[in-house]
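# Quick check, what structure comes out for this input:
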Amino acid sequence: MRWMLMAMMIVAVSVSGCRKKASVGTGDPMMDRGVLGVRSGLVDEGAYGMGAAPFSGQEERGQFQPVYFAYDSSTVSDSERAKIEMVAETLRASPGVVLVVEGHCDERGSAEYNLALGERRALAVRAYLVGLGIGADRIQTKSYGEEMPVAMGHNEESWRLNRRAEFVIVR
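Sure, this is the predicted structure:
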């Protein structure tokens, strides 16, 4: 009996005390590296991208409408594409501007899963912008997962508003 108690304690300590920080990725090397090989960042990897220094310029939020996503999806729907096209027009007119696409999720799912889903959403918007001719070097991504909700309710309307990608302009 005593040896079973000891074994259970050892397992509990090794599982909880030595846990390695979770690595979040899609499993797809191209997506994990971002479009055209530019690594995108996750919420705990620094300000805007892995190893990248934070932008020293002025940040502008709220200039563009958020892009909303279906539940458990990172596919940009046809109804949301016009929003991204407006962002592309602004970037074309302002070549010195850098954009950060932030991916967000609702509260359902684990924190790790939501970080990865938020990253896939940000990467999907980034890929659409690159497809519209915006240089990949001007767009970085960041995932906040479920950590920055805009609606605090625990219902479908709140969840719908929290499943989004937002834009931050850096000058």
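
# Tell me the pLDDT of R171.
Model confidence at R171, given as pLDDT, is 81.

# Would you mind writing the CA trace of the strand or helix carrying K142 as CSV?
Taking DSSP states H and E as the criterion, K142 maps to strand 139-145. This file holds the C-alpha atoms of strand 139-145, laid out as CSV (Å, rounded to 0.1, in the frame of the first residue of the first chain):
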residue,chain,number,x,y,z
ILE,A,139,1.9,42.0,-41.9
GLN,A,140,2.5,40.2,-38.6
THR,A,141,0.1,38.1,-36.6
LYS,A,142,-0.6,37.6,-32.9
SER,A,143,-3.0,35.3,-31.2
TYR,A,144,-4.8,36.1,-28.0
GLY,A,145,-7.0,33.0,-28.0
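
# pLDDT of stretch 79-90, averaged?
For stretch 79-90, the mean per-residue pLDDT is 98.

# Listing request: residues of the protein with sub-threshold pLDDT.
Residues of the chain meeting the criterion pLDDT under 70: 1-57.

# which helices and strands does whichever strand or helix holds R126 pack with?
Secondary structure assignment for R126, by DSSP H and E: helix 111-131. Helix 111-131 makes packing contacts with helix 81-93, strand 98-104, strand 139-145, strand 164-170 when contacts are defined by 3 or more CB pairs under 8 Å, 6 or more residues apart in numbering; DSSP states H and E. In this view, the C-beta of every residue, glycine as well, is placed from N, C-alpha and C.

# Would you mind writing the CA trace of it as CSV?
The C-alpha trace of helix 111-131 is given here as CSV (Å, rounded to 0.1, in the frame of the first residue of the first chain):
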residue,chain,number,x,y,z
ALA,A,111,-6.5,27.8,-23.7
GLU,A,112,-3.9,26.0,-25.9
TYR,A,113,-6.5,25.1,-28.5
ASN,A,114,-7.8,28.6,-28.6
LEU,A,115,-4.3,30.1,-29.0
ALA,A,116,-3.8,27.9,-32.0
LEU,A,117,-7.2,28.7,-33.5
GLY,A,118,-6.6,32.4,-33.0
GLU,A,119,-3.3,32.1,-34.8
ARG,A,120,-4.9,30.2,-37.7
ARG,A,121,-7.5,33.0,-37.9
ALA,A,122,-4.9,35.7,-38.0
LEU,A,123,-2.9,33.7,-40.6
ALA,A,124,-5.9,33.2,-42.8
VAL,A,125,-6.6,37.0,-42.8
ARG,A,126,-2.9,37.6,-43.5
ALA,A,127,-2.8,35.1,-46.4
TYR,A,128,-5.8,36.9,-47.9
LEU,A,129,-4.0,40.2,-47.7
VAL,A,130,-0.9,38.8,-49.2
GLY,A,131,-3.1,37.4,-52.0
